[in-house]
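1. I need the structure of the sequence given here:
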Amino acid sequence: MASAEPARKNSPPTPIHSHALDNLRYIRETMERAGAFTAVPGWGGVAMGGTALAAAGLASHAKSPAMWMTWWIGEAVLAIAIGIFAMWRKADSAGLALWSAPARKFAFSFVPPLLAGALLTVVLFKVGPTSAIPGMWLLLYGTGVMAGGAFSIPLVPVMGACFLADGALALLTPFSLADFWLGLGFGGLHIVYGAIIARRYGG
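-> Have a look, this model is predicted:
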């Protein structure tokens, strides 16, 4: 006798590659959230250091405080452009997203001290004392590097600590040595650590 049970409609099985893609996506996103920002520029840092040394030489011959400030602000803008371009090139060559989760953590830790430094620069240049500006620049940049370095390679916080030491010396010595300390920090430290980063972690 024929069975009265209705025939079951078999639904098509889910392709195995769909599950595999979902798993790979989950693993990739998890690793991205937990990973470190590795697109810190090596050779880009060396280039930033070279322009800073040139700025230190030019600023040391400035005829007025306004001209001195112009040289260093111009150097800051140039260094930022070099750094962003170098990070983009390094991330692109490694197949990494420049605005990944670790990169966002790095940026949100690194940028606020720089913004504070820009605001304090305007205030100090207007009302004084302008002699505190070089040390303040170095200290806040070092603070940003150390904070961002918590989400980057281990060498970055060490570089930030060196900037803090350099900034402290700049604050404790006469303004006549300002270009020396700025050149040592933004020039020398960027070149030394940039070369080490390029050698250990790629350009």
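2. what about dumping the CA coordinates of stretch 59-70 to PDB?
-> This file holds the C-alpha atoms of stretch 59-70, laid out as PDB (Å, rounded to 0.1, in the frame of the first residue of the first chain):
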ATOM      1  CA  ALA A  59      65.300  78.500  11.200                       C
ATOM      2  CA  SER A  60      68.600  79.100  13.000                       C
ATOM      3  CA  HIS A  61      69.300  82.000  10.600                       C
ATOM      4  CA  ALA A  62      65.700  83.500  10.800                       C
ATOM      5  CA  LYS A  63      65.700  87.300  11.200                       C
ATOM      6  CA  SER A  64      62.600  87.400  13.400                       C
ATOM      7  CA  PRO A  65      60.400  85.100  15.600                       C
ATOM      8  CA  ALA A  66      57.700  85.200  12.900                       C
ATOM      9  CA  MET A  67      60.100  83.900  10.300                       C
ATOM     10  CA  TRP A  68      61.400  81.300  12.700                       C
ATOM     11  CA  MET A  69      57.900  80.100  13.300                       C
ATOM     12  CA  THR A  70      57.200  80.100   9.600                       C
END
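3. could you pull up the mean pLDDT of it?
-> For stretch 59-70, mean pLDDT is 94.
4. can you give the distance of it from its chain's centre?
-> On the basis of C-alpha atoms, centre = their mean, to the nearest Å, stretch 59-70 sits 27 Å off its chain's mean C-alpha point.
5. residues in contact with whichever strand or helix holds residue 192?
-> Assessed by DSSP states H and E, residue 192 sits inside helix 190-201. Helix 190-201 has contacts (C-beta atoms under 8 Å, 6 or more residues apart in numbering) with 38, 40-50, 52-53, 153, 155, 158-159, 162. The way it works is simple: take the backbone N, C-alpha and C, and place the C-beta from them, glycine included.
6. swap in stretch 179-189?
-> 48-50, 52-53, 55-57, 59-60, 72, 75, 79, 134-135, 137-138, 141-142, 159, 162-163, 166-167, 169-170, 173.
7. for it, the averaged confidence score.
-> For stretch 179-189, the per-residue pLDDT averages 97.
8. check stretch 112-126 too.
-> 94.
9. give me the neighbour count for the closest residue to residue 137 other than its chain neighbours.
-> Residue nearest to residue 137 in three dimensions, not counting chain neighbours: residue 117, with 5.9 Å by C-beta to C-beta, 6 or more residues apart in numbering. Using other C-beta atoms under 10 Å, residue 117 has 19 other residues around it.
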